[in-house]
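A.B. asks: coords below, sequence missing:
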């Protein structure tokens, strides 16, 4: 169990981590359709993610039900709930909350150091690239870039709950603190809901194998 995941969220958010493929439960028919042409590894990953999500929802008192993907690739969460699912090598986790508690939630996990320098310009603003380049060595640079990528993914998932709108990697700028927190500053207006320069707070944690990030929006 990756205990660091549970430190990313308040008690209003239920967190379930499943890394054992044998724990994957059967999919609902509409979920099976979504991965009918996928390779077996992807099918198992999908099933494990849905299992974790259903367990997180059950912890909220929500009965097990199908969670098919929507055309925009998000998940059809039950009414009055939000959720987020993440997969990385050897880790699968899901979170869920009631909409009355949060306007959106996001979770992301990545393999440590997977984001190399060739991707920096695609995911980072000039100010963020300066932070990446200030790392003491290549290993630290890759670690920072992976953290940045993951945190932007977590923010995207959270804001999408509220806006249903696309936010690109260069539409938000992040800063990180040594206490395991980060701040997101929007560089654009989003769907008449969030405004340029609006800020959001998130948390991060790391193990030797993964970096994990989480963000919740106030109700």
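C.D. replies: The structure has been received and is ready for your questions. Fair warning: this is a prediction, and the values are worked out from it, not measured in the lab.
A.B. asks: so what's the backbone phi/psi at residue 147?
C.D. replies: The phi and psi values for residue 147, taken as degrees, to the nearest 10, are phi -60, psi -40.
A.B. asks: could you check how far it is from residue 102?
C.D. replies: To residue 102, residue 147 is 23 Å away according to CB to CB, to the nearest Å. From N, CA and C alone the C-beta is placed, and that goes for glycine too.
A.B. asks: next: residue 213.
C.D. replies: Distance from residue 213 to residue 102, by CB to CB: 16 Å.
A.B. asks: what is the helix or strand that residue 129 is a member of packed up against?
C.D. replies: Secondary structure from DSSP states H and E places residue 129 in helix 126-133. Identification of packing neighbours for helix 126-133 by 3 or more CB pairs under 8 Å, 6 or more residues apart in numbering; DSSP states H and E yields helix 120-123, helix 138-163, strand 172-176.
A.B. asks: buried sites along stretch 59-73?
C.D. replies: 60, 62, 67, 68, 69 (16 or more other CB atoms under 10 Å).
A.B. asks: what do you get for stretch 107-124?
C.D. replies: Buried-residue list, stretch 107-124, by 16+ other CB under 10 Å: 107, 108, 109, 110, 112, 113, 114, 115, 120, 123, 124.
A.B. asks: now, which of the residues you listed lie within strands?
C.D. replies: In strands, judged by DSSP state E, the following of the buried residues of stretch 107-124 are found: 107, 108, 109, 110.
A.B. asks: so which pair among these is furthest apart in space?
C.D. replies: Taking CB to CB, the two most distant members of these are 107 and 110; they sit 11.4 Å apart.
A.B. asks: shared neighbours, these two?
C.D. replies: residue 212 (CB atoms under 8 Å, 6 or more residues apart in numbering).
A.B. asks: okay, residue 213 and residue 102: which has more neighbours?
C.D. replies: Neighbour comparison, residue 213 and residue 102: the larger count goes to residue 213, with 31 against 21 (by other CB atoms under 10 Å).
A.B. asks: where in the chain is pLDDT low?
C.D. replies: Within the chain, the stretches with pLDDT under 70 are 1.
A.B. asks: 90 instead?
C.D. replies: Under the criterion pLDDT under 90, the flagged ranges of the chain are 1-4, 19, 72-73, 89-90.
A.B. asks: all strands of it, in order?
C.D. replies: Counting by DSSP E, the chain has these strands, from start to end: 14-17, 81-88, 91-98, 104-111, 172-176, 181-186, 199-206, 210-217.
A.B. asks: so residue 68 sits against residue 76, correct?
C.D. replies: Yes - here residue 68 reaches residue 76: they are 5.3 Å apart, a contact under CB atoms under 8 Å.
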